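*Asks:* Provided below are the primary sequence and the corresponding predicted coordinates.
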Amino acid sequence: MLESFEVTKKFLGKTAVDGVSIKLEPGHIYAMLGPNGSGKTTWMKMAAGLIKPTSGVIKYKDEPVGVRSRREIAYMSTEPYFYDWMTVGDVGKYYQDFFDDFSMEAFEEMLQEMDLEKKLKCKELSSGMLAKLKVAVTMARDAKVYMLDEPLNGIDLLARDEVLNAIIRHAGEDKVLLVSSHLVEELESVVDYAIFINKSHLAGVYEVEELRQNQCISLADKYREVYGAAEMGGAC
Amino acid sequence: MQYDSKTPIYMQVIDAIKLDIINERIKTGEKLPSSRDLAVQYTINPNTAARVYQELEREGVCYTKRGMGTFVTEDESKIKECRHEMAHGCLEEFLKCISELGISKDEAIEMIKTTK
């Protein structure tokens, strides 16, 4: 459904993404993992159609991503993008104006589940509440692809569970979910596949249960192996 | 739930559900949550949750009523069988640890008898 062909992005001589080819299929939740600065955000922005690759192409349903694909690809950027004067409710209205597939009903339902009040002002929100709001407003769209860039960054355990629940509830046979993080353990039980990005290159795609079943190692063990720390794992 | 890192997650959830059935925290014939709710309850991937039910069904611990959901078997002998299997698993684990410590089976039995 969403496919990246040899995608490279250079910024003034620095290569942020280098020859990345991956394919995302509906019915799965993918983690995009890698240390900070490895190129996850740049790849996602290209897949969201916000910036263009220097070379290579990302296709959604066999067409290069662009204005049209943005209707079906919901993207949550990692940096906050709400105005201070907005209330939680205003953020919903703002999205409703932008996206035809936004459902106010779904948004309100998620706010309730996540314990967020509509009349709260954005500037008064804690980082955990802000993170939940970003996820809620993105997932209130009835999209086919959801890309969340670092939704678990800087939030406490309870907020984390609420965000993960929202992700699990939105997965579906016809949907692709892609969640980036530099925290492997937090996502391990929730995703089917993990895409490892290291120093702007693709460093492998692994199936979580397959690693456990056939190699007796967790995704976190594989991460340590790929990213160079002490070797882990071993006999079942 | 905390998952250990060497065993597939679906197997760990299956064991947790079986334990609940054996301890009657889930009763025979009771309706189980939908696979989506199971996924949320255990913070697991929805495909993993679906696999949990497939396996439990294959083993005869659960069955699906079309359009109504998944239910725990009413067959008490099946649940006894589960208890027996899980007990065996515990024993194997125990014997492995004990033998790694260089303690014989007979010594271990003696220790069990004298441990309060």
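*Replies:* All right, it came through fine.
*Asks:* How about the contacts made by A:G27?
*Replies:* A:G27 makes contact with A:171-175, B:47, according to C-beta atoms under 8 Å, 6 or more residues apart in numbering or on different chains. Quick note: C-beta positions are derived from backbone N, CA and C, even for glycine.
*Asks:* rerun at 7 Å
*Replies:* A:E173 (C-beta atoms under 7 Å, 6 or more residues apart in numbering or on different chains).
*Asks:* The spatially most central residue of chain B: what secondary structure?
*Replies:* Nearest residue to the geometric centre of chain B (C-alpha atoms, centre = their mean): B:D15, 2.0 Å. Following DSSP: H, G, I helix; E, B strand; the rest coil, we place B:D15 in the helix state.
*Asks:* Residues of chain B that sit close to chain A?
*Replies:* Taking C-beta under 7 Å from any C-beta of the partner chain as the criterion, the neighbours of chain A within chain B are B:3, B:5-10, B:36, B:39-40, B:43-48.
*Asks:* run the last query once more with 8 Å
*Replies:* Within chain B, the positions near chain A by C-beta under 8 Å from any C-beta of the partner chain are B:3, B:5-10, B:36, B:39-40, B:42-48.
*Asks:* State the phi and psi torsions of residue 8.
*Replies:* Just so you know, I chose chain A. The phi/psi pair for A:T8 (degrees, to the nearest 10) reads phi -130, psi 140.
*Asks:* Oops, wrong one, chain B.
*Replies:* According to degrees, to the nearest 10, B:P8 has phi -50, psi 140.
*Asks:* Return the per-residue confidence for residue 99.
*Replies:* Chain wasn't specified; assuming chain A. A:F99 carries a pLDDT value of 93.
*Asks:* um, chain B though
*Replies:* The model's pLDDT for B:S99 equals 92.
*Asks:* Poorly predicted segments of the chain, please.
*Replies:* Since you didn't name a chain, this refers to chain A. A:229-236 (pLDDT under 70).
*Asks:* Report the contact partners of the closest residue to chain B within it.
*Replies:* At 3.5 Å from chain B, A:S218 is the closest residue in chain A, using C-beta to the nearest C-beta. By C-beta under 8 Å, 6+ apart, the residues touching A:S218 are A:188, A:211-212, A:233, B:5-6.
*Asks:* Max pairwise distance over those: which two?
*Replies:* Of all pairs drawn from these, the greatest distance, 14.0 Å, lies between A:E188 and A:G233 (C-beta to C-beta).
*Asks:* Contacts (any at all) between chain B and the helix or strand where A:V20 lies?
*Replies:* Following DSSP states H and E, one finds A:V20 within strand A:14-24. No: Strand A:14-24 does not reach chain B (C-beta under 8 Å from any C-beta); its nearest approach is 14.5 Å.
*Asks:* what ranges do the helices span in chain B?
*Replies:* Using DSSP state H, the helices found in chain B span residues B:9-22, B:35-42, B:46-58, B:76-100, B:105-114.
*Asks:* need those in CSV with distance to A:S38, can you?
*Replies:* Compiled in CSV, the helices of chain B are given as follows (distance: least, C-beta to C-beta, whole Å):
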stretch, distance to A:S38
helix B:9-22, 26
helix B:35-42, 29
helix B:46-58, 27
helix B:76-100, 39
helix B:105-114, 50
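*Asks:* Tell me which stretches of chain A form strands.
*Replies:* Using DSSP state E, the strands of chain A run over A:2-11, A:14-24, A:28-33, A:55-60, A:63-64, A:73-76, A:145-149, A:176-181, A:193-198, A:201-207.
*Asks:* For the ones you listed, give me a markdown table that also has mean neighbour count.
*Replies:* A markdown table is the format used below for the strands of chain A (neighbours: other C-beta atoms under 10 Å in any protein chain shown):
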| stretch | mean neighbour count |
| --- | --- |
| strand A:2-11 | 18 |
| strand A:14-24 | 17 |
| strand A:28-33 | 24 |
| strand A:55-60 | 17 |
| strand A:63-64 | 12 |
| strand A:73-76 | 22 |
| strand A:145-149 | 24 |
| strand A:176-181 | 25 |
| strand A:193-198 | 22 |
| strand A:201-207 | 16 |
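*Asks:* which residues touch A:A74?
*Replies:* A:A74 touches A:99, A:138-139, A:141, A:143, A:145-147, counting by C-beta under 8 Å, 6+ apart.
*Asks:* ok, now A:V191?
*Replies:* A:28-31, A:179, A:208, B:45.
*Asks:* returning to that earlier point: emit the PyMOL select command for whichever of the contacts of A:S218 are buried.
*Replies:* Those of the contacts of A:S218 that count as buried under 16 or more other C-beta atoms under 10 Å in any protein chain shown are selected in PyMOL with:
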select buried, (chain A and resi 188+211+212+233) or (chain B and resi 5+6)
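*Asks:* Just send the contacts of A:S218 back as JSON lines, with distance to B:L32 too.
*Replies:* Output for these, formatted as JSON lines (distance: C-beta to C-beta, whole Å):
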{"residue": "A:E188", "distance to B:L32": "24"}
{"residue": "A:L211", "distance to B:L32": "28"}
{"residue": "A:R212", "distance to B:L32": "24"}
{"residue": "A:G233", "distance to B:L32": "33"}
{"residue": "B:S5", "distance to B:L32": "27"}
{"residue": "B:K6", "distance to B:L32": "27"}
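*Asks:* Around chain B, pick out the residues from chain A.
*Replies:* A:27-29, A:161, A:164-165, A:168-169, A:171, A:188-192, A:208-209, A:212-213, A:216-218, A:220-221, A:233, A:236.
*Asks:* backbone phi and psi for the closest residue to B:T73 other than its chain neighbours, please?
*Replies:* Computed as C-beta to C-beta, 6 or more residues apart in numbering or on different chains, the closest residue to B:T73 that is not its neighbour in sequence is B:V61, at 5.8 Å. Backbone torsions for B:V61, taken as degrees, to the nearest 10, come to phi -80, psi -30.
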